[in-house]
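1. build me a model from this:
(one chain, ligands or ions: 2)
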Amino acid sequence: MAGTGGFVNVITMKEQPFSLKNDGPLQLFFVGTGSAFTKTNYQTNLLVIKGNDHLLIDCGTKTPQAFYELGVPVSSVENVLVTHSHADHIGGLEELALMSKYVTKRKPNMIISEAYQYILWEMSLRGGAAYNEENAGDILSFFDFFTVTRPAVLNGFDRETLNANVGSINVKLFRTKHIPDSSRDWESSFWSCGIIIDDRIMFTSDTRFDPELIHYYNGLYKLEAIFHDCQFFPGGVHASLQDLSSFDASIKNKMYLVHYGDNYKNFEGEVAAKGFAGFAQAQVYYTF
Ligand SMILES: [Zn+2]
Ligand SMILES: [Zn+2]
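-> Ligands and ions are numbered 1, 2, ... in the order given. Alright, predicted model coming up:
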């Protein structure tokens with residue numbers, strides 16, 4: 001079975017029916033594990049659950065459908081964090097925002113910096129959400145849909161790192177180099193971030209191959225698992241399987257590959273042979 005090669009306890013939905021709560025352990029549940037345009041694995045959006053607390057990291061175009069099929073409407077999500085503005089990460093946010101405002105009459109909490117909030121609202125969400133559907137002529141703002149938790153800038157880090165808490169869940173947001181494919185470093189890239197959860201687990205979200213990123217935070221936190229995006233060809237805006245294979249065995253044996261193409265089964269043998277923990281599985285609970 002894919003994704004069971006590491007040291008992490010994997011619990012299925014047969015053993016633990018889908019819920020936004022659990023008995024207390026830190027659990028990661030990928031709503032999907034596919035690439036941006038996947039037709040079979042849903043998109044790589046991650047639900048973090050710990051006791052009564054939960055956080056949805058990204059809400060792509062296919063994620064409201066995935067939640068519907070799990071038996072929980074996406075408007076039940078109370079906390080959300082967005083890693084960047086590609087549609088596989090934000091395409092379902094309008095549904096979350098509009099359903100929450102007009103149907104369930106509540107505001108989800110978003111963990112978001114002031115800089116990225118401006119980008120997300122002005123360049124993406126505003127087009128579909130700004131016109132008040134209950135009051136002609138009234139123009140709405142981001143704050144009409146979301147309450148906001150501002151992450152704090154942490155000083156002394158190699159790259160921009162922000163810190164926030166959602167109940168008992170701690171997240172650190174680190175900047176990544178995702179787009180364009182020619183950018184030299186995170187500073188010259190369009191705004192994107194990955195996440196460290198409880199100083200234990202890294203989820204890169206989308207990044208190009210960036211060994212300094214992995215080595216730096218792994219050195220700081222002795223990470224227990226790394227969920228890294230991948231692609232099966234060179235170039236482009238994600239880390240290629242070939243590039244990721246150059247990591248030491250000590251990194252690869254705790255590295256799960258996510259955000260993979262629908263043809264991933266063709267690469268399962270190679271991923272095992274190279275010593276990776278495997279492809280991450282969708283809709284199981286990685287339990288820490
Ligand atoms: Zn993506
Ligand atoms: Zn992306």
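2. which positions within the helix or strand hosting Gly219 qualify as buried?
-> In this structure, Gly219 sits in helix 211-221 according to DSSP states H and E. Buried residues in helix 211-221, counting neighbours by 16 or more other Cβ atoms under 10 Å, are found at Leu213, Ile214, Tyr216, Tyr217, Asn218. C-beta here means a position set from N, CA and C on the backbone, and glycine is covered the same way.
3. tell me the pLDDT of the one residue in the stretch 151-288 of the chain that gets nearest to ligand 2.
-> Nearest residue of the stretch 151-288 of the chain to ligand 2 (Cβ to the ion) works out as Asp206 at 3.5 Å. With respect to pLDDT, Asp206 has a value of 97.
4. before we move on, what SS does it have?
-> Recorded secondary structure, Asp206: coil (DSSP: H, G, I helix; E, B strand; the rest coil).
5. surely it and His178 touch.
-> Yes: if you go by Cβ atoms under 8 Å, Asp206 and His178 touch, sitting 4.6 Å apart.
6. how about the residue nearest the centre of the chain, what does it touch?
-> By Cα atoms, centre = their mean, the chain has its centre lying nearest to Ile57, at 4.1 Å. Residues in contact with Ile57, defined by Cβ atoms under 8 Å, 6 or more residues apart in numbering, are Asn45, Leu46, Leu47, Val48, Val80, Leu81, Val82, Thr83, Ile195, Phe203, Ser205.
7. ChimeraX command for the buried members of the residues you listed?
-> Provided next is the ChimeraX selection string for whichever of the contacts of Ile57 are buried by 16+ other Cβ under 10 Å:
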select :45,46,47,48,80,81,82,83,195,203,205
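8. quick one: which of the contacts of Ile57 is nearest ligand 1?
-> Ser205 (7.1 Å).
9. what about the closest one, distance to Lys39?
-> In this view, Ser205 and Lys39 are 21 Å apart by Cβ to Cβ, to the nearest Å.
10. how many residues are close by the closest residue to ligand 2 within the stretch 1-150 of the chain?
-> Closest residue of the stretch 1-150 of the chain to ligand 2, Cβ to the ion: His86 (3.6 Å). For His86, the count of nearby residues is 21 (other Cβ atoms under 10 Å).
11. Gly194 is in contact with Lys177, isn't it?
-> No: with contacts counted by Cβ under 8 Å, Gly194 stays clear of Lys177, the gap being 10.6 Å.
12. measure stretch 68-78 end to end?
-> Stretch 68-78 has an end-to-end distance of 16 Å (Cα to Cα, to the nearest Å).
13. now swap in stretch 242-260 and tell me
-> 14 Å.
14. please compute how far it lies from its chain's middle.
-> 18 Å (Cα atoms, centre = their mean, to the nearest Å).
15. buried ones in it?
-> For stretch 242-260, by 16+ other Cβ under 10 Å, it's Asp243, Leu244, Phe247, Ile251, Lys252, Lys254, Met255, Tyr256, Leu257, Val258, His259, Tyr260.
16. list the contacts of it.
-> In contact with stretch 242-260 (Cβ under 8 Å, 6+ apart) are residues 3, 5-7, 30, 33-36, 41, 44, 203, 206, 209, 211, 214, 218, 223-232, 234, 238, 241, 267, 271, 274-280.
17. neighbours of the spatially closest residue to Asp262 that is not a sequence neighbour, how many?
-> With sequence-adjacent residues excluded and distances taken as Cβ to Cβ, 6 or more residues apart in numbering, Asp262 is closest to Thr40, at 4.8 Å. If you count neighbours by other Cβ under 10 Å, Thr40 ends up with 11.
18. Thr40 contacts Thr33, doesn't it?
-> No: Thr40 lies out of contact with Thr33 (Cβ under 8 Å); the separation is 10.1 Å.
19. and the host helix or strand of Glu268, which residues are buried?
-> Secondary structure from DSSP H and E places Glu268 in helix 268-273. For helix 268-273, a neighbour-count test (16+ other Cβ under 10 Å) marks Val271 as buried.
20. next SSE downstream of that helix?
-> Assigned by DSSP H and E, the successor of helix 268-273 is strand 278-279.
21. could you point out which element follows that next one?
-> strand 285-287.
22. that following strand - contacts with which helices or strands?
-> Counting contacts by 3 or more Cβ pairs under 8 Å, 6 or more residues apart in numbering; DSSP states H and E, strand 285-287 is packed against strand 9-11, strand 26-30.
23. near the closest residue to ligand 1 within the stretch 51-200 of the chain, how many other residues are there?
-> Going by Cβ to the ion, ligand 1 is nearest to Asp88 of the stretch 51-200 of the chain, at 4.3 Å. Applying other Cβ under 10 Å, we find 25 residues neighbouring Asp88.
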